[in-house]
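1. Fold the following.
(one chain, ligands or ions: 1)
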Amino acid sequence: MNHSMNLIDLHCDTLSRLLCEKTGQDLKNTDCDVNLSGMKEAGAVAQFFACFTCLSEHQKDKSPEEGYEACYKQALELIELMEKQCVLFPEEIVLSRSYKEIVKSKEEGKISAVLTVEEGGILNGRPERIEILYEKGVRLMTLMWNFENCLGHPNSRDVGVMEKGLKDFGIETVRQMGKLGMIADVSHASDGTFRDIVKYAEGPVIASHSNCRALAGHPRNLSDDMIHTLADKGGIAGLNFYGVFLGTQTESKIEEMTAHILHMIKTGGREFPAIGTDFDGFGGMEHMDISNISQMGRLWEALKRKGLSEDQLDLIWSGNALRVLKALG
Ligand SMILES: [Zn+2]
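-> Numbers count the residues shown, from 1 in each chain. Next up, the predicted model:
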């Protein structure tokens, strides 16, 4: 496969927006940051679509147990919404479940949609759900979001929380995911949960949408130690465009994006960085240099001006992500 300007974006929250605030829109007719024409312009090979569901929206008047049941149901609705997009636009986008299917879809001129779950709490202590989600095509699960859940503990400025790791059910889940062929995603995890995921995982571990703590000291970002640990295991990290994680708060600028990529290369090696935009997953930006997926070429050009070779850019755009997907089988 020729990787030039072939993009794999490891994280967007477009499905949640289509379900919750953009009802009636679809992937073609939408003002979401990720849409069919934008993906085509970006040369998208695959777009990871997160089925993100947040406990707080469901827990009004409910116990956490009931809240997570509502979240699970909503995740299934998000999967259905993705399936519906593939039925609506069969010549343009297709649900891909493996490296081979992604390559085949690319040859057919179609963009691959890869399903992910963000917030492993939706398992709600029920191990059979991992297999159900896998059967539906989910190939990556972000175990934590910003709350403690049945699996473990989230990123936090509270050192006590940050040091807490996986629970027994989390360890069991991470092992099961590896056996099935589902990528374990450490984004949003506490440092302790990160260490446990790496320790117990039997398959690929990545950070789908996290930046570098050395440049932006946010608990959602990866320390240099974490980058070394992930890279040693063949893992990758997707560059997140959210200004807060880039270190510029209300602005999302290419200058910082390139700095984070260069730091990832310096610390984790050339096979470490990838793209995980987080498009449609954050607000509060007064300015964005890259305001939607169609403008990804701007980052490519900027990185080229910083001296990166096209081979290195190919790895960032898709080569590194494809390597992980290939290892998944
Ligand atoms: Zn996220």
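2. Measure how buried residue 26 is and give me the count.
-> Residue 26 has 16 neighbours, counted by other C-beta atoms under 10 Å. The way it works is simple: take the backbone N, C-alpha and C, and place the C-beta from them, glycine included.
3. Repeat that for residue 278.
-> The local packing of residue 278 (other C-beta under 10 Å) involves 24 other residues.
4. Now do it against residue 60, distance only.
-> The span separating residue 278 from residue 60 equals 26 Å under the rule C-beta to C-beta, to the nearest Å.
5. So which helix or strand of this structure has the lowest pLDDT on average?
-> Per-element confidence for the chain was summarised using mean pLDDT, DSSP states H and E. The lowest value among helices and strands belongs to helix 55-58, with a mean of 76.
6. Now residue 329. Nearest residue, chain neighbours left out?
-> Nearest-residue entry for residue 329: residue 181, 5.3 Å, with adjacent residues in sequence omitted and distances by C-beta to C-beta, 6 or more residues apart in numbering.
7. Against residue 105, how distant is the residue nearest to residue 35 when sequence neighbours are not counted?
-> Nearest non-adjacent residue to residue 35, counting by C-beta to C-beta, 6+ apart: residue 27, 5.7 Å away. When C-beta to C-beta is applied, the distance between residue 27 and residue 105 equals 15 Å.
8. Pick out whichever of these two has more residues nearby.
-> residue 27 (28 against 19).
9. who does the longest helix along the chain touch, helix- and strand-wise?
-> With DSSP state H setting the assignment, residue counts place helix 64-88 as the longest helix in the chain. For helix 64-88, the contact count by 3 or more C-beta pairs under 8 Å, 6 or more residues apart in numbering; DSSP states H and E identifies helix 14-20, strand 44-52, helix 55-58, strand 93-95, strand 111-118 as packing neighbours.
10. so which of those comes closest to residue 126?
-> For the helices and strands packed on helix 64-88, distance to residue 126 was read as C-beta to C-beta. The smallest value, 13.5 Å, belongs to strand 111-118.
11. in the helix or strand that comes right after the closest one, what counts as buried?
-> Toward the C-terminal end, the helix or strand that comes next after strand 111-118 (DSSP states H and E) is helix 128-135. For helix 128-135, a neighbour-count test (16 or more other C-beta atoms under 10 Å) marks 129-130, 133-134 as buried.
12. Verify the stated contact: residue 209 with residue 240.
-> Yes - the pair residue 209 / residue 240 is scored as a contact, 4.4 Å apart, by C-beta atoms under 8 Å.
13. Any chance you could list residues touching both of these two?
-> Residues touching both residue 209 and residue 240 (C-beta atoms under 8 Å, 6 or more residues apart in numbering): 11, 276-278.
14. Strands of this structure, start to end?
-> Under the criterion DSSP state E, strands of the chain are mapped to 7-9, 44-52, 93-95, 111-118, 138-142, 183-185, 205-206, 237-239, 251-252, 273-275, 287-288.
15. Adding distance to residue 65 and mean neighbour count, write those strands out as a markdown table.
-> Written out in a markdown table, the entries for the strands of the chain read as follows (distance: least, C-beta to C-beta, whole Å; neighbours: other C-beta atoms under 10 Å):
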| stretch | distance to residue 65 | mean neighbour count |
| --- | --- | --- |
| strand 7-9 | 34 | 27 |
| strand 44-52 | 20 | 27 |
| strand 93-95 | 31 | 21 |
| strand 111-118 | 18 | 25 |
| strand 138-142 | 20 | 24 |
| strand 183-185 | 24 | 28 |
| strand 205-206 | 28 | 26 |
| strand 237-239 | 32 | 29 |
| strand 251-252 | 37 | 20 |
| strand 273-275 | 36 | 29 |
| strand 287-288 | 39 | 14 |
